[in-house]
Each structure stands twice: as structure tokens, then as C-alpha cells.
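Participant: Next one to model:
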Amino acid sequence: MSGTFSSRTYNFNTLLGRSSFPDYSVKKVVVPRFQRGYSWKKVHVATFWEDVIAFHSRTDKLLDSQTYFLGPIVILIDQSLRSVDFAAASAKECESYTDILNIGDSVPKASRPFIDALMNKLSSERALPVLLSGLRCLKENDFERLSRSVVALVVRHSLIANLNPADLEATLYDTAREIRKLHKKRKRSPEIVNKARALLQKINPTTHQIREGIAELYLDKPTAQYLLREIADKMQSKSKGVTSGRTSIEHIFPRNAAKADWPNAAHLEPYVWHIGNLTLLEPKQNKDVGNKGFADKSNKYPQSELQMTKQVAEKFRAWDEKAITTRAQNMVSYIDQIWTV
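Facilitator: Coordinates of the predicted model:
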């Protein structure tokens, strides 16, 4: 197929060796902008090679059969070819990549919230290959089903359960290849997406794994905003959804706690960004409660329109480590309802 990537499995020697690479007479290994979302400079290359060498030194001594998973790497035919030239040569593919990254016009409207979550809230660039395959091969409603499932798997597997990221990347990549293979065989879009989702479901964490992971779930601000708003919206009545611009993150145990208001501050400081310590609150009320003690906050929380925040006052009489971990566990039922692979 013109303008697409040809994927094969190679070992290090074949990939980087000069004498045993049959496909191209001249080659260059690059990390395109769309393949890695972070900076890739000499220091990162050096760190990568040190890690590879250390891995093989360790496994050789132990006679271990483990392998070092690299994931997809793009090979350019012309040694002088830059990533931007490669993008021009594969215009259709790269335009689709760009549209996914920027949530452009080719991304169906119903799928955009899921793509936005993956690219901007969860920083999951590893989902790009399967999203590209889906965008190129599936009908709009089936691409929505696929993107919804990918978000659910990333949230459950990578974020909450904190399982092996290599397993997730390999599964997403295998799913991307399967979508293209079935599309080439002229299978119908619903059949393709069903088989793709079945592959994703093979590594979907159990509720037990979610409960284990959420006990140790500490978040950064963008991820916290995404998770909390999704959970809060699920907790609301259908007539009172959560409007993102009208809420902000509230740390129940505050970031700048006064010892007079929080005598157990030393024990709670490690939990500031734990999911059990976070809720949402209207900006004015958030400013009012500020760094106050839990008793004062409990008097203010019932004034919120958000059930998530009201329930803090309803269910807890004190705020300590047990309250934080209990509240986190209480979120698991909502997580299972929202993020279904």
C-alpha cells in the first residue's frame, strides 16, 4: 500500500548491522516527532545505550532469556533524509498522525474527547500507532469504539494499576497491525473493531488489580483534573453534569497546611496528590476553604453542587491516612463503570 509503514520484527544486529539488512542498501534510524513526545538528544541516546548494555550484561551473567523491548522504530531509506522529508514522502500517514496529535478535522467529532484525553491529559503517545490504524481503516462509529477502549485500557493498565508498560505498548502495537491486516483482507469495520478490542481486553486489569493500584495512586495536575472530572460527572445526576470551567482541584488536606489546623500534617504531607485526597470544588468555594482545617471544610463542602465533594462531608468525620485510602477505594466502582475496555 503506497504511503504506509511496512512493519517487521528485527533484532539489534539486523536492525543496526551494515551487512545483514536486505531491504535497503542505505539506512538511517531516526526518532520522528510523532513517535516520541519528548526531547531526543545526545544525552538521551547515551542513556538509552547505557541501559541496553547494562541490561544485556546483567542477563548474560544470569543466563537469562529475557529480551529488551524497543517498540516500533522507523527506518529511512535515504541516509540524508530528514524526518520532515519522510513525512512529506508518507504524506497521508503523517497528516493523519498530525490530525491525531492536534485533534484535526479528520478525527470524527465523537472520538475527539477520547483522543484529547490520550494526547493531552494522559500523555499516551504510545497509543498513536493503534489510533492511526483505526483512523485509516475504520468507520467513524467504530473508530469511536476503538478510541474509547484505548483510553480505558491506558487509564486502567498504565495509570491506575501501574502494570508493565512494555506489555501495554506491545499490545497496542499488535492491535494496530491486526487492524491493518484485517482491513487489507477487506473485513468489515465492525468485525475489525471487535477483534481489536478483544486484543486490548487480554491485558485489561482486574478490579482487584485496580484496587491494589489505586492505593498508591499519586497524580499530577492534568491527570488529576481528567480523572476527577470523569468520576465526578459519573457521580452527578444526569441533569447536573460537571462543567470543566466551573471546577478546580481541591486538596482536602491542603498543600500549605498550618499545624494548628492540621495536627497530623506530618503524616498527611505525602498524600497531598493522592487521588483519595483530591476532589473538585467551585473556584469561589475553593478559595474560601483554602488551607482551613477539616472541620471548617466539612461545613463548606455541602454547599457545593458536586456530589463528589458533598460526600466527603457526609462520609468522613476526620481526615487521616485511613480516610484517604478508604475514599480512594470508594472510587473503584465508578472507575469500573467509566473506563470499560
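
Participant: Domain map for the chain?
Facilitator: Following automatic domain parsing, the chain resolves into domains at 12-35+72-205, 217-338.

Participant: Could you tell me the least trusted of those?
Facilitator: Looking over the domains of the chain, mean pLDDT reaches its minimum on domain 12-35+72-205, with a mean of 80.

Participant: my guess is residue 313 meets residue 302, correct?
Facilitator: Yes. In this structure, residue 313 is within contact of residue 302 by C-beta atoms under 8 Å, at 5.3 Å. (C-beta placed from N, C-alpha, C; glycine too.)

Participant: So for those two, which residue has more residues nearby?
Facilitator: For residue 313 versus residue 302, neighbours defined as other C-beta atoms under 10 Å are more numerous around residue 313 (17 against 12).

Participant: buried residues in the helix or strand that the more buried one is a member of?
Facilitator: Using DSSP states H and E, the element containing residue 313 is helix 307-315. Buried positions in helix 307-315, judged by neighbour count with 16 or more other C-beta atoms under 10 Å: 307-313.

Participant: same check, this time on stretch 136-152
Facilitator: Result for stretch 136-152 [16+ other C-beta under 10 Å]: buried residues 136-138, 142-152.

Participant: How about stretch 284-292?
Facilitator: Result for stretch 284-292 [16+ other C-beta under 10 Å]: buried residues 285-286, 289, 292.

Participant: contacting residues around that stretch?
Facilitator: Residues outside stretch 284-292 that contact it (C-beta atoms under 8 Å, 6 or more residues apart in numbering): 248, 250, 254-258, 261, 281, 296-297, 300-301, 303-304.

Participant: Please enumerate the strands of this structure.
Facilitator: Counting by DSSP state E, the chain has these strands, from start to end: 28-30, 74-76, 248-251, 278-281.

Participant: Just put the buried residues of stretch 136-152 in TSV and tack on distance to residue 267.
Facilitator: Shown next, in TSV, are these (distance: C-beta to C-beta, whole Å):
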residue	distance to residue 267
136	52
137	52
138	50
142	49
143	47
144	45
145	45
146	44
147	41
148	39
149	39
150	38
151	35
152	34
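
Participant: Need the distance between the two termini of stretch 314-324.
Facilitator: 14 Å (C-alpha to C-alpha, to the nearest Å).

Participant: re the thing from before, return the closest of the contacts of stretch 284-292 with respect to residue 68.
Facilitator: Comparing the contacts of stretch 284-292 against residue 68 with C-beta to C-beta places residue 255 closest, at 39.7 Å.
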